[in-house]
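In: when you get a sec, could you give me coordinates for this:
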Amino acid sequence: MARSAAVIASVVCALAAALFFFDKGREQALPDGAADKVACVSYAPYDRDQSPFDANLTISPAQIERDLTVLSGLTRCVRTYATGQGLDKVPEIAARLGMTVYAGAWIGRKDADNQIEINRLIAAANAHPQAIKGLIVGNEVLLRGEQTAAGLTAYIAQLRAGLNQPQPITYADVWEFWLKSPELADAVDFITIHLLPYWEDDPTPIDGAIAHVMAAWGQMRDRFADKPILIGEVGWPSEGRRREGAEPSRLNQTRFIREFMTAAEAAKASYNLIEAFDQPWKRLLEGTVGGAWGFFDTDRVQKVRTRGPVVEWPHTAGWVAAALLIGLLPLGVALIRRKAMTLSTLLILDLGGFAMASALVLQVRHMLTSSRGIEEWAVNGVWLVFSAGLAWVLLHTLSGLRPLNRTCDGLCGRFCPFSSLERMRLLAVAGMAVSSLGLLFDSRYRDFPVSMFVIPAVGFALIRLPAAPREHKAVAALGLASAIGVSMHEGMLNTHAWAWAVTACILAGSVVFRRPDADFRASPR
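Out: Below you'll find the model as predicted:
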């Protein structure tokens, strides 16, 4: 009976993996955007290994020129946020390439740093006025609580006084903060608002995102009728956690951009899209999703196009090939060893191997897109090794090629995590409990690590082990309660949260609710 369940699970999971990869790799049609080029994009120049947090970093003019040359095929305008680390050279290089710039000065808490930013912006604007489309004094400073409206007004006045000729000046913030500090409008020539439906306190799903953005823009236009309105940040992420019904994906990102372009053109709304290139350093602040807003990836390969079909994962064929090769290893080893195998054993090793290998390559992809610092790389790497070892043991146990009560054959010693299935199950359940607690109490920037736990969840649901000690059950119960709490907190629309809750419940259930089956003792074949 248990072997039959393993065969059925192998077939179902392999089919699910195949359909998943098919969906990610197929072309999907979308309506084209209103034009081949967009009005303007936010530009941060940092390559994969660069960060604004590096005080000693200076971006070379050659790197900036390389980036702006790439961007010139998409837009004739960029927005910058600061003047340090070489960014004060952007107007000069943009002028040479026939582009314009919304040039920004970064305003924070320290007046001395702010003075340096203002003075560099004045110098750049006076040296290359033909490249300046607007000057932006501060970005989301009110949101961060680092200055008051009066303080920003003083910096704006200082910038205006230092210009050789008049230039349009603004301040940029989330649209609600303009409503909270309307007096700031008197200091600027135009108002710059940020509209990011994914990040708002009440996230808007992709189906209603454009309507929400244009409604907010209309409200601001009516509230500040005497000032032009620039949508200074608008966009959608391609990777990361789902927030209620708002799901990051390349398809949704492309759909949002194209639909927004059409709506903005119809309304004659001025806009700047976020952003030019993916910025991995933002993962430290905002999780996976923070580094995935770019039109181009970190290698300067274009992700979002204004026309044509969309493929969610352009390199799906490579991931499938990896899953197939890894999935064939257990069967190949068994054949080399000339093991006598029944049909059920072949199906479990073949289809089950592909299913588990698919989960492993998804775990690799998750590690590559979500890891932020050395600690997360280490944790994800160690867990990947654990998952691979567990997959190998589970496949051989379920297929009958290894006895249930023997894993490492004693080669690694009794303290090895692979020395018993009970110990491996405890490690899996403990990892799940820690992940669930993190999602419950600090969820905003954490992904749902389904791919990291689907192998132990399915595997241990199929294997009946001896009754778990009470302390093991307590850990599983904690993880189970936390996972249910996460799904309730995230809401009914968050399918990522529900997928995590189901995975955690299956894994915890193998400890808490299942009775041991002493009759299932697979013998070597």
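
In: after the strand ranked longest in the chain comes which helix or strand?
Out: Longest strand of the chain, by residue count under DSSP state E: strand 132-139. Moving toward the C-terminus from strand 132-139, the next helix or strand (DSSP states H and E) is helix 141-144.

In: where along the stretch 201-350 of the chain do the strands fall?
Out: Applying DSSP state E, counting those that start in this stretch to the stretch 201-350 of the chain gives strands spanning 229-234, 270-273, 310-311.

In: just give me how far the second one sits from the chain centre.
Out: What that stands for is strand 270-273. Relative to the chain's own centre, strand 270-273 is displaced by 23 Å; criterion: CA atoms, centre = their mean, to the nearest Å.

In: spatially central residue in this protein, please.
Out: Gly240 (2.4 Å; CA atoms, centre = their mean).

In: quick one: pLDDT of that residue?
Out: pLDDT recorded at Gly240 is 96.

In: which residues does it contact?
Out: Going by CB atoms under 8 Å, 6 or more residues apart in numbering, Gly240 touches 248, 287-290, 292, 370, 447. Using the backbone N, CA and C atoms, a C-beta is placed for each residue, glycine as well.

In: according to the record, where do the domains of the protein fall?
Out: 2-22+314-512, 30-308 (automatic domain parsing).

In: can you give me the end-to-end span of the last one?
Out: In terms of CA to CA, to the nearest Å, the two terminal residues of domain 30-308 are separated by 7 Å.

In: now the residue nearest to Pro456 when sequence neighbours are not counted: how far from Ser270?
Out: If you skip the residues right next to it in sequence, Pro456 has Ala428 as its closest partner in space, 3.6 Å away by CB to CB, 6 or more residues apart in numbering. Distance, Ala428 to Ser270, using CB to CB, to the nearest Å: 52 Å.

In: Leu142 and Phe177 touch, don't they?
Out: Yes: counting by CB atoms under 8 Å, Leu142 does reach Phe177; the two are 4.5 Å apart.

In: those two: who's more crowded?
Out: Leu142 (21 against 18; other CB atoms under 10 Å).

In: pLDDT score for the more buried one?
Out: For Leu142, the pLDDT comes out at 97.

In: and if you look at Pro182?
Out: So, for Pro182, pLDDT stands at 96.

In: need the contact list for it.
Out: Each residue near Pro182 by CB under 8 Å, 6+ apart is listed here: 223-224.

In: and the longest helix anywhere in the chain, what does it pack against?
Out: Once the chain is assigned using DSSP state H, the helix that runs over the most residues is helix 374-399. Contact here means 3 or more CB pairs under 8 Å, 6 or more residues apart in numbering; DSSP states H and E; on that basis helix 374-399 packs against helix 2-25, helix 316-336, helix 353-370, helix 421-441, helix 450-462.

In: quick one: Tyr198 and Pro237 touch, right?
Out: Yes: counting by CB under 8 Å, Tyr198 touches Pro237, with 6.1 Å between them.

In: so for these two, which residues contact both of them?
Out: 248, 289.

In: sweet, I'm off.
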